[in-house]
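Visitor: Need the 3D shape of this:
(one chain, ligands or ions: 1)
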Amino acid sequence: MSNVLVLVDHTGGTVRKTTAELLTIARRLGEPVAVYIGEGVQDALPALGQYGATKVIALTDPELTQYLVAPKAEALQQVAAKLEPAAILISSSAEGKEIAARLAVKLDSGLITDAVDVQEGPVTTQSVFAGNYTVQAKVTHGTPIITVKPNAATPEAAETSPEVEEFDVTISDAAKTARITDSKPREATGRPELTEAAIIVSGGRGTGGDFGPVEAFADSLGAAVGASRAAVDSGWYPHAYQVGQTGKTVSPQLYVAAGISGAIQHRAGMQTSKTIVAINKDEEAPIFELVDFGVVGDLHKVLPTATEEVTKRKS
Ligand SMILES: Cc1cc2nc3c(=O)[nH]c(=O)nc-3n(C[C@H](O)[C@H](O)[C@H](O)COP(=O)(O)OP(=O)(O)OC[C@H]3O[C@@H](n4cnc5c(N)ncnc54)[C@H](O)[C@@H]3O)c2cc1C
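Guide: Just a heads-up that it's a prediction; the model follows:
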């Protein structure tokens, strides 16, 4: 069976959920080989094995993580030259997409970004024009390089015991032009990362600036919190949590929009969510055109009632 490379997304050995999704997808296409860049590969092994990595290629040269993405793209090029994979899967993060683009040039290969599904072939599905069209595509030249959006697959356990293979890379001076001078982890909120979360509860102008009920409902569900631009521009929630055209693109299993009208720029960031629920006091609000479930009502009453109900059922 041909190898399918999966670039591991991790923070110091803690593997992100998107990698479990990529490994699950890779199993449809061939033999998943995880490519791990940086320190902490031993910490990552159980998670990589749990989702079916048959081998882990470890790239530990410190220069790979001291610079912005160029050295990582070079390293992946060298791994691909040796393993001749049938496809390369990378998460659709800002960094992932930049690595993928550089890699595609280096390998003279086709690149498909932001796939919401990948099946045998590999044939990808993308959701384009703010979710109004679904496109199926296939790379026709070189090694298919595909960036995959979070929540494109439900991680399926496979329980393998991957061996680790150290891989030496040569990094050119041309790739060492932008050194990282400082990096800080995002402030810990105890909630899942917005773009990875399976459930998101977002608040808009309708919150009137009080995100308390939104956060409480999110916490009852173990969800991330998002915000519309109107809420962010009003200074009610940080920009890092904005969903939409000029914010984050999310695709959770469940998206709850509270006090959000459903402007096209907001939809652009969330309409590939699997199930959409809106709470809005205006029954004519455009958001109701795309929801699976709609509640016409005041979010300050609906959300606390829903939070209480979820909490009661959980206990
Ligand atoms: C170039 C450009 C880029 C943009 N990018 C983004 C983006 O990335 N993300 C984004 O979100 N927007 C973006 N916008 C802004 C977008 O056009 C809308 O202005 C914005 O999404 C509106 O936010 P909102 O739905 O919270 O506010 P509003 O449109 O004001 O809607 C508020 C809603 O809350 C309801 N409501 C009020 N009180 C209650 C209550 N007590 N209970 C329940 N419902 C209530 C109202 O009925 C209304 O439907 C962009 C605009 C431009 C021009």
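Visitor: Residues contacting stretch 105-112, please?
Guide: Stretch 105-112 has contacts (C-beta atoms under 8 Å, 6 or more residues apart in numbering) with 73-74, 77, 80, 100-101, 103-104, 124, 126, 137, 139-147. Every residue, glycine included, has its C-beta placed from N, CA and C.
Visitor: which residues touch residue 221?
Guide: Here residue 221 is in contact with 199, 201, 254, 310 (criterion: C-beta under 8 Å, 6+ apart).
Visitor: which of the residues you listed has the most neighbours?
Guide: residue 201 (31 neighbours; other C-beta atoms under 10 Å).
Visitor: Counting by contacts, list what whichever helix or strand that one is part of packs against.
Guide: Remark: residue 201 resides in strand 199-203, with elements defined by DSSP states H and E. Contacting strand 199-203 under the criterion 3 or more C-beta pairs under 8 Å, 6 or more residues apart in numbering; DSSP states H and E are the following elements: helix 212-221, strand 224-227, strand 254-258.
Visitor: Using JSON lines, lay out the ones you listed together with mean pLDDT and distance to residue 89.
Guide: Below are these laid out as JSON lines (pLDDT from 0 to 100; distance: least, C-beta to C-beta, whole Å):
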{"stretch": "helix 212-221", "mean pLDDT": "98", "distance to residue 89": "29"}
{"stretch": "strand 224-227", "mean pLDDT": "98", "distance to residue 89": "23"}
{"stretch": "strand 254-258", "mean pLDDT": "98", "distance to residue 89": "24"}
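Visitor: how about these, which one is nearest residue 117?
Guide: strand 254-258 (17.8 Å; C-beta to C-beta).
Visitor: Now do the end-to-end distance for stretch 177-196.
Guide: 30 Å (C-alpha to C-alpha, to the nearest Å).
Visitor: Residues touching that stretch, excluding its own?
Guide: By C-beta under 8 Å, 6+ apart, stretch 177-196 touches 11, 16-18, 65-68, 70, 93, 150-151, 197-198, 200, 218-219, 222-226, 240-241, 243, 248-250.
Visitor: C-terminal to the helix or strand hosting residue 118, what's the next element?
Guide: Per DSSP H and E, residue 118 falls inside strand 111-119. Downstream of strand 111-119, the first helix or strand assigned by DSSP H and E is strand 123-128.
Visitor: And that next one, what's buried?
Guide: 124, 126, 127 (16 or more other C-beta atoms under 10 Å).
Visitor: how about stretch 298-313 as CSV, C-alpha atoms only?
Guide: Written as CSV, here are the backbone C-alpha positions of stretch 298-313 (Å, rounded to 0.1, in the frame of the first residue of the first chain):
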residue,chain,number,x,y,z
ASP,A,298,-34.6,36.7,23.8
LEU,A,299,-31.1,35.0,24.2
HIS,A,300,-30.9,36.3,27.7
LYS,A,301,-33.9,34.1,28.6
VAL,A,302,-33.3,31.2,26.1
LEU,A,303,-29.6,30.6,26.9
PRO,A,304,-29.8,30.4,30.7
THR,A,305,-32.8,28.0,30.3
ALA,A,306,-30.9,25.9,27.8
THR,A,307,-27.8,25.9,30.1
GLU,A,308,-29.8,24.8,33.0
GLU,A,309,-31.4,22.0,31.0
VAL,A,310,-28.0,20.7,29.7
THR,A,311,-26.5,20.9,33.1
LYS,A,312,-29.5,19.0,34.6
ARG,A,313,-29.3,16.2,32.0
